[in-house]
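# Let me see the structure of the following:
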Amino acid sequence: MQPNNNNNNNNNNNNNNNNNPPPPTLPQLLALAAALSLGAAVSLGITRFAYGLLLPSMRADLGWSYTLAGAMNTANAMGYLLGAFAAPWLLKRRTPVQLLVVGSLLASVFMAGSGFFSDAPSLLVQRLLAGVASALVFIAGGLLAARLGALAPRHMGLLLGLYYGGTGLGILLSALLVPAMLQAASGVPHGWAWAWWALAVSCLLATGLLAWVGRPGGTLIQILTSPASHVRQAMPQRQFRWRDFAPGLLGYMLFGMGYIGYMTFVVALLKEQGAAPEAITAFYAVLGVSVMASSRVWAGLLDRFKGGQALAILNALLGCATVLPALTAAWPLVLLSGVMFGGVFLSLVASTTALVRHNLPPSQWAAGISAFTIVFAAGQMVGPTVVGWIADGLGAGKDLQGLQRGLIFSAGALWVGAVISMRQRALRS
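Residues are numbered from 1 along each chain as shown. The predicted model follows:
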């Protein structure tokens, strides 16, 4: 009878091994983070930042002031804020993967809608709705990237950076797609509409790939539902509290206020400075490539610091990149600004997810990421309109001077954010 018992035990062990697959490998996690980065490409790289390339053509065609042009991105940020408020409630009713895919699909639809209107109120509504959808995508994708990072804590900074670096792919695609479409439709009334439709198609393609990655039974779902994904952190199960992260939240809000002025108006400033269309395309493309490369550059920084140090350092560097085009039109320095800006700003976004990941248990990550997204959106609501108002009012008919002052304001907001972020301390276990 004893041999039979041994055989039964062996069979049970084999069944347990079959039911408990080995933990995911680092190459698997990197591949999934890269796939998820398509969400960042849609939500920020295309839905948010492609507008900066379209702004000069739309402003010239529709007779906008810089204030109204900035208000378009303020409306987008307002929608982003609404989406950030809705995300925690939605995440209690739907999985992050479902929210990611549905949000990306909605963003694609609203991007296409911007090509069907030329009146300001309708375009403002389209930009607002696209902001709501992009917030859902960005929060859900960030949460999934954080869960992947929890499975490889030593490489968490790299995995987060890889996800957020997907924004650079969206920026690069926009840099290649928008000028080509504007040129192809140059003889068509409201030719900029064709660029909106082309961007919407690219978003739909990315949505299809995200849906495939997140399909039931796919590798992503298997990893997120496997026993290896139930990570326990060596910290008490504390709740997220806003006051615990007050310096980091305020510093991040100032980041949102400062960086968006650059991304909204830097192309308009380069055109005012006389840059050729090819040079502007190259500038924007280099910025996007720098975003994609930044995940490797700053991964160690995100892993090393548990408080607000990374947020402070990156805010300070971003302020330097922002102020360069306001001080000089020398092309090497302008190009350096694009490289610095692209190499820093999405890693700064990743630093807040890392801050949440370092200081809160997994059950509180959604609340923490949503809080940082809310203040980020609040800052973005202020930045474009203020910079546009400065360009219109302080320029006194000299748009170049006004845009320069607007970017100086943006750089100042980033530097103040750096000082405040240094006061964010790691929460004690």
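# For L82, which non-adjacent residue is spatially closest?
The shortest distance from L82 to any non-neighbouring residue, by Cβ to Cβ, 6 or more residues apart in numbering, is to V132 (5.2 Å). In short, each C-beta sits where N, CA and C put it, glycine included.
# One more: W331?
A279 (7.1 Å).
# And the one you found, which helix or strand is it part of?
helix 277-297 (DSSP states H and E).
# CA atoms only: put that helix into PDB for me.
Coordinates of the C-alpha atoms in helix 277-297 are reproduced here as PDB (Å, rounded to 0.1, in the frame of the first residue of the first chain):
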ATOM      1  CA  PRO A 277       8.800  72.900 -41.500                       C
ATOM      2  CA  GLU A 278      11.400  70.200 -41.900                       C
ATOM      3  CA  ALA A 279      13.300  71.500 -38.900                       C
ATOM      4  CA  ILE A 280      10.100  71.500 -36.700                       C
ATOM      5  CA  THR A 281       9.300  67.900 -37.800                       C
ATOM      6  CA  ALA A 282      12.800  66.900 -36.800                       C
ATOM      7  CA  PHE A 283      12.600  68.700 -33.500                       C
ATOM      8  CA  TYR A 284       9.300  67.000 -32.600                       C
ATOM      9  CA  ALA A 285      10.600  63.600 -33.700                       C
ATOM     10  CA  VAL A 286      13.800  63.900 -31.700                       C
ATOM     11  CA  LEU A 287      11.700  64.900 -28.700                       C
ATOM     12  CA  GLY A 288       9.600  61.700 -29.100                       C
ATOM     13  CA  VAL A 289      12.700  59.500 -29.500                       C
ATOM     14  CA  SER A 290      14.100  61.000 -26.300                       C
ATOM     15  CA  VAL A 291      11.000  60.100 -24.500                       C
ATOM     16  CA  MET A 292      11.300  56.500 -25.600                       C
ATOM     17  CA  ALA A 293      15.000  56.400 -24.500                       C
ATOM     18  CA  SER A 294      14.300  57.900 -21.100                       C
ATOM     19  CA  SER A 295      13.000  54.700 -19.500                       C
ATOM     20  CA  ARG A 296      16.600  53.300 -19.300                       C
ATOM     21  CA  VAL A 297      18.200  56.600 -18.400                       C
END
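# What residues sit buried inside stretch 238-249?
Buried residues in stretch 238-249, defined by neighbour count with 16 or more other Cβ atoms under 10 Å: F240, D244, F245, P247, G248, L249.
# thinking again about what came up before, show me what the mean pLDDT comes to for the helix or strand following the helix holding A279.
Using DSSP H and E, the helix or strand that follows helix 277-297 in sequence is helix 299-304. What helix 299-304 shows for mean pLDDT is 81.
# which secondary structure element contains G412?
helix 399-421.
# And the spatially most central residue of the chain, its phi and psi?
Among the residues of the chain, the one closest to the centroid is L44, at 4.7 Å (Cα atoms, centre = their mean). When quoted as degrees, to the nearest 10, the phi and psi of L44 stand at phi -120, psi -50.
# show me where the stretch 301-429 of the chain has helices.
309-327, 331-359, 365-393, 399-421 (DSSP state H, counting those that start in this stretch).
# Relative to S174, which of those is closest?
helix 331-359 (12.7 Å; Cβ to Cβ).
# Mind checking the pLDDT average for the closest one?
pLDDT averaged over helix 331-359 gives 89.
# Run the chain-centre distance for it.
In terms of Cα atoms, centre = their mean, to the nearest Å, the centre of helix 331-359 is found 11 Å from the chain centre.
# Can you tell me which helices and strands the helix holding G412 packs against?
helix 66-91, helix 246-272, helix 309-327, helix 365-393 (3 or more Cβ pairs under 8 Å, 6 or more residues apart in numbering; DSSP states H and E).
# Could you give me the buried positions within the shortest one?
Neighbour-count burial for helix 309-327, counted by 16+ other Cβ under 10 Å, picks out 309-326.
# mean confidence for that helix?
93.
# What is that helix packed up against?
Checking 3+ Cβ pairs under 8 Å, 6+ apart, helix 309-327 ends up next to helix 246-272, helix 299-304, helix 331-359, helix 399-421.
# For G168, find the nearest of those helices.
Taking the helices and strands packed on helix 309-327 one by one with Cβ to Cβ, helix 331-359 is closest: 6.4 Å.
# hmm, back to that, buried stuff in the helix holding G412?
399-418, 420-421.
# and the angle from that helix to helix 331-359?
Counting by axes from the mean of the first three to the mean of the last three Cα atoms, to 10 degrees, helix 399-421 points 30 degrees away from the direction of helix 331-359.
# CA atoms only for helix 399-421, dumped as CSV, please.
The C-alpha coordinates for helix 399-421 follow below in CSV (Å, rounded to 0.1, in the frame of the first residue of the first chain):
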residue,chain,number,x,y,z
ASP,A,399,3.6,87.3,-30.5
LEU,A,400,7.2,86.1,-30.2
GLN,A,401,7.9,88.2,-27.1
GLY,A,402,4.6,87.0,-25.5
LEU,A,403,5.4,83.3,-26.2
GLN,A,404,8.9,83.7,-24.8
ARG,A,405,7.5,85.2,-21.6
GLY,A,406,4.9,82.4,-21.4
LEU,A,407,7.6,79.7,-21.5
ILE,A,408,9.6,81.6,-18.8
PHE,A,409,6.4,81.4,-16.7
SER,A,410,6.3,77.7,-17.4
ALA,A,411,9.9,77.2,-16.4
GLY,A,412,9.3,79.1,-13.2
ALA,A,413,6.4,76.8,-12.2
LEU,A,414,8.6,73.8,-12.8
TRP,A,415,11.4,75.2,-10.6
VAL,A,416,9.0,76.0,-7.8
GLY,A,417,7.6,72.5,-8.1
ALA,A,418,11.2,71.1,-7.7
VAL,A,419,11.7,73.0,-4.4
ILE,A,420,8.4,71.9,-3.0
SER,A,421,8.9,68.2,-4.1
